[in-house]
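Asks: starting from these lines, generate the structure:
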Amino acid sequence: MKNKKTLVLGATTKPERYAFKAITALVGKGHSVLAIGQNAGEVAGVKIQTKALPIKSIDTVSLYLNPARQREYYNYIIEAHPKRVIFNPGTENPEFHQLLALNDIQVEVACTLVLLATNQY
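Replies: Below is the predicted model:
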């Protein structure tokens, strides 16, 4: 399987949250993971950053932020130009979908955990 460098946006150290589960699953499947969240911490050996640091060569952004919280990251994600952005359940955002499409970034409304579990990631 190809390593797909992934940014998890909305990362958390709370084990019951899906962003935590996604980081753990991504690392378990051998993907490189970057994480940004409200609070610093570490999940599965991945340090959670609290600021949007410059990123390069990103394959996927997996969103775990509601649409209102996504706005501050629009330019950051578009400038990073990932191949795709996964809108996990509850993060769907038609406004952002359109901006990404205009910038030739694939929009995927899906669940990162399901994609990983079914080998569709």
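
Asks: tell me the pLDDT at K2?
Replies: K2 is assigned 84 on the pLDDT scale.

Asks: in which helix or strand would I find it?
Replies: Under the criterion of DSSP states H and E, K2 resides outside all helices and strands.

Asks: next one: it from P94, what distance?
Replies: Counting by Cβ to Cβ, to the nearest Å, the gap from K2 to P94 is 30 Å. Every C-beta, even on glycine, is put in place using the N, C-alpha and C of the backbone.

Asks: please say which of these two ends up with more neighbours.
Replies: P94 (10 against 7; other Cβ atoms under 10 Å).

Asks: quick check: that one vs Q70, distance?
Replies: Taking Cβ to Cβ, one finds P94 at 12 Å from Q70.

Asks: can you check Y64 too?
Replies: Distance from Y64 to Q70, by Cβ to Cβ: 10 Å.

Asks: equivalent analysis for H97, please.
Replies: For H97, the distance to Q70 - Cβ to Cβ - is 11 Å.
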